[in-house]
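>>> Requesting a structural model of the entry that follows:
(2 chains)
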Amino acid sequence: MTTKPGLQARQREPGSPAAGRSSPADGPPADHAPDEVPDGSPIDQPPDEVLIKQSLLVAERFGPLFDRHASAVHRYLARRIGSDADDLLAETFLIAFRRRATYRKLHVDVRPWLFGIATNVLRRHARQEKRRYRALARVPADPSGEAYATDDALGRLEAQALRRDLAAALAALKRGDRDVLLLSAWAELSYNEIAAVLDIPVGTVRSRLNRARRVTRAALSVTITSEERA
Amino acid sequence: MNEITLLQQHGPDSAPATESVLNSARHRLLTEIAGAATEPRQRRAGLHRQHGIQRARVLAMTVIAASALFVVSVVVGGVNSAEQSPDRTPTAVTLVAFQMPVFPLALDPMPAGLKAPSFSLHDSRFLAVHQDTAGESDVYLSVYDRRPESLGSTRPVTVHGQPGELSENRPQNGSKYVSVSWEREPGQWVRVTGQGRFGTGAAVLALADTVVERPQEVPLQVHLAPAGWDVFAFKGDTILTLKDENSDATMSVQVVGEASSDLLGTVVGAQEVGRVEVNDRAAHLVRADEIWFLQVPLADGSAFNLQAPRFMTPDQVVAVGEQVTVGR
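Numbers count the residues shown, from 1 in each chain, chains lettered A, B, ... in the order given. Alright, predicted model coming up:
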């Protein structure tokens, strides 16, 4: 479902007395939406789920969700796929806007919902993501050759080694396991939220996360051991 | 330090989004939003050009008179029509039996791993979306009343003995979609589009070979509607809008996950909420400034909302509600 299809758009401007309430001529009802949303004060900004409901009536109400979450979603995408995150960010929010009528607060908050959409967008770029991790795993350590002079430099070398090993571990993971691991690590979603946005049982989330952590731990064992020794 | 913390602190990273990147993405979103706000009006009338789709409104089979105070049904050649005000907005309507469009085709056999189709209808396109249970490979079967626009690079093929066109399209940074389209019969164009495991020329040609004529009813049905009204849009099996062919008046039905407990607070201009029975089920009818809003709970905990203009009578709104069926 892409928009508010087929519903006559006799929409009122946001902030007008009727904004946020449903009109049969306008579209689905925006249950429990406030009568009016004053502009300018963060305190008065409605919660995400209210904006979603209002956007069913007044599409423009979806806009603030971008400003609230775009940076975090971009960071998540960029860590997984690099510079192509710039395009996938827009794609994620376009999909979210088109599917806003299917959003249900009872299942998950808007933020994890957006990360779930971003994860599904990434699935179409799984090979590209894997290539990125493999490339990062091959990045040479400190090409300047000056790193051995100080403790800080030694720390940087260890960090670079860690980053390479982590990238190699991510490249080796199954896609579903990687999704769960990175939704947990980078998007900081709970088990229940991951289960909801990936549409899998919580038990599956646990088993995938355990497996992903085990594989990652094994790949890092040498690095971690040396770090602990230091 | 566990793996999660290591990933957070030392995992692959990338530059944060620049203002330029955010502005570009915001612009794309706002463009889409602006389009959504105006789309219904832009595509008005498109659905009146119906193409090989089986659609029939059975006029005058079931006539339910509006309340005597307002109704002036005008009988023209045995067909009941609505009385129109000078600006073409009706002041009363007559209800007649209504038959929803039927999707005329099907895939036989249905490829393994595909869910039952969901249907959408807008402008000249009637679409059946077959989603993959794994969420990666979809098949889109579209029926048009005119030749659809070519997508990307094309090459000629033969489908069911008819000349057709195979095309590939890859939206920016998106998956590849491969389509084959052909004129199945005069005035009926068909396009099969595949993505994922169906996104190859061989796959869509094989799918096209399985297209058979097999009418499929859409799950949301309205069997009673004002005379002279037609389907304006149908989306994703859950939203249906009917529109008066001679005015901007509309009536819509939407299936929602749960009933609202605060209709007075959520329906614009709500004046009062009354309890009514719809097919022996307790329902709520809201009288608002400009519309009627009927909410009918369904057995599975979901509900449907019927939004109708105020020139219909309460009895008519309930009568239409009693003729709404929600499948699946």
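>>> C-alpha from now on. contacts and neighbour counts both.
Will do.
>>> count of residues packed around B:G201?
B:G201: 18 surrounding residues under other C-alpha atoms under 10 Å in any protein chain shown.
>>> Next one: it from chain A, what distance?
Distance of B:G201 to chain A, given as C-alpha to the nearest C-alpha, to the nearest Å: 19 Å.
>>> Spatially, which residue comes closest to that residue, not counting chain neighbours?
Counting by C-alpha to C-alpha, 6 or more residues apart in numbering or on different chains, B:G201 lies nearest to B:V178, which is 6.3 Å off, once chain neighbours are set aside.
>>> Checking my notes, that neighbour in a helix, right?
No: assigned with DSSP: H, G, I helix; E, B strand; the rest coil, B:V178 falls outside any helix and is strand.
>>> Quick check: beta-bridge partners of it?
Note on B:V178: beta-bridge partners by DSSP bridges are B:E168, B:G194.
>>> Show the contacting residues for it.
By C-alpha atoms under 8 Å, 6 or more residues apart in numbering or on different chains, the residues touching B:V178 are B:166-169, B:193-195, B:198-201, B:204.
>>> before we move on, what about B:G152?
Contacts of B:G152 by C-alpha under 8 Å, 6+ apart are B:167-170.
>>> what is the rounded mean pLDDT of the helix or strand A:N210 falls within?
In this assignment (DSSP states H and E), A:N210 forms part of helix A:202-229. Helix A:202-229 comes out with an average pLDDT of 77.
>>> Residue 219: neighbouring residues, count only.
Because you didn't say which chain, this covers chain A. Using other C-alpha under 10 Å: A:A219 sits among 19 other residues.
>>> sorry, should have said chain B
So B:P219, with other C-alpha under 10 Å, has 16 neighbours.
>>> surely it meets B:I239?
No: B:P219 is not in contact with B:I239 according to C-alpha atoms under 8 Å; the separation is 10.6 Å.
>>> Check which element follows the helix or strand containing B:L285 along the chain.
Following DSSP H and E, the helix or strand that holds B:L285 is strand B:281-288. Going down the chain from strand B:281-288, the next helix or strand is strand B:291-297, by DSSP H and E.
>>> what's that following strand packed up against?
Judged by 3 or more C-alpha pairs under 8 Å, 6 or more residues apart in numbering or on different chains; DSSP states H and E, the packing partners of strand B:291-297 are strand B:281-288, strand B:303-309, helix B:314-322.
>>> for these, which one sits closest to chain A?
Closest to chain A of those, according to C-alpha to the nearest C-alpha: strand B:303-309, at 4.7 Å.
>>> Just the CA coordinates for that closest one, please, in PDB.
In PDB, the C-alpha atoms belonging to strand B:303-309 read as follows (Å, rounded to 0.1, in the frame of the first residue of the first chain):
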ATOM      1  CA  ALA B 303     -13.300  -3.800  12.300                       C
ATOM      2  CA  PHE B 304     -14.300  -1.900   9.200                       C
ATOM      3  CA  ASN B 305     -15.100   1.800   8.900                       C
ATOM      4  CA  LEU B 306     -17.700   3.000   6.500                       C
ATOM      5  CA  GLN B 307     -17.500   6.700   5.700                       C
ATOM      6  CA  ALA B 308     -20.400   8.100   3.800                       C
ATOM      7  CA  PRO B 309     -21.700  11.500   2.900                       C
END
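>>> how far off helix B:314-322 does it point, in degrees?
For strand B:303-309 against helix B:314-322, the angle by axes from the mean of the first three to the mean of the last three C-alpha atoms, to 10 degrees is 140 degrees.
>>> helices and strands around strand B:303-309, which ones?
Secondary elements touching strand B:303-309 (3+ C-alpha pairs under 8 Å, 6+ apart): strand B:250-256, strand B:291-297, helix B:314-322.
>>> Spell out, range by range, the helices that occur in chain A.
With DSSP state H, the ranges of helices along chain A come out as A:48-57, A:63-81, A:85-98, A:110-123, A:126-137, A:151-172, A:175-185, A:191-198, A:202-229.
>>> Ok, the stretch 151-300 of chain B next?
B:201-209, B:263-266 (DSSP state H, counting those that start in this stretch).
>>> Highest mean neighbour count out of these?
Comparing the helices of the stretch 151-300 of chain B by mean neighbour count (mean count of other C-alpha atoms under 10 Å in any protein chain shown), helix B:263-266 ranks first with a mean of 22.
>>> I'd like the mean pLDDT over that one, please.
Here the average pLDDT along helix B:263-266 is 84.
>>> name the helices or strands packed onto that helix?
strand B:270-278.
>>> Tell me the gap between the strand it packs on and the middle of its chain.
Relative to its parent chain, strand B:270-278 has a centroid offset of 27 Å by C-alpha atoms, centre = their mean, to the nearest Å.
>>> Compute the inter-axis angle for it and strand B:291-297.
Per the same axes, to 10 degrees, the angle that strand B:270-278 makes with strand B:291-297 is 40 degrees.
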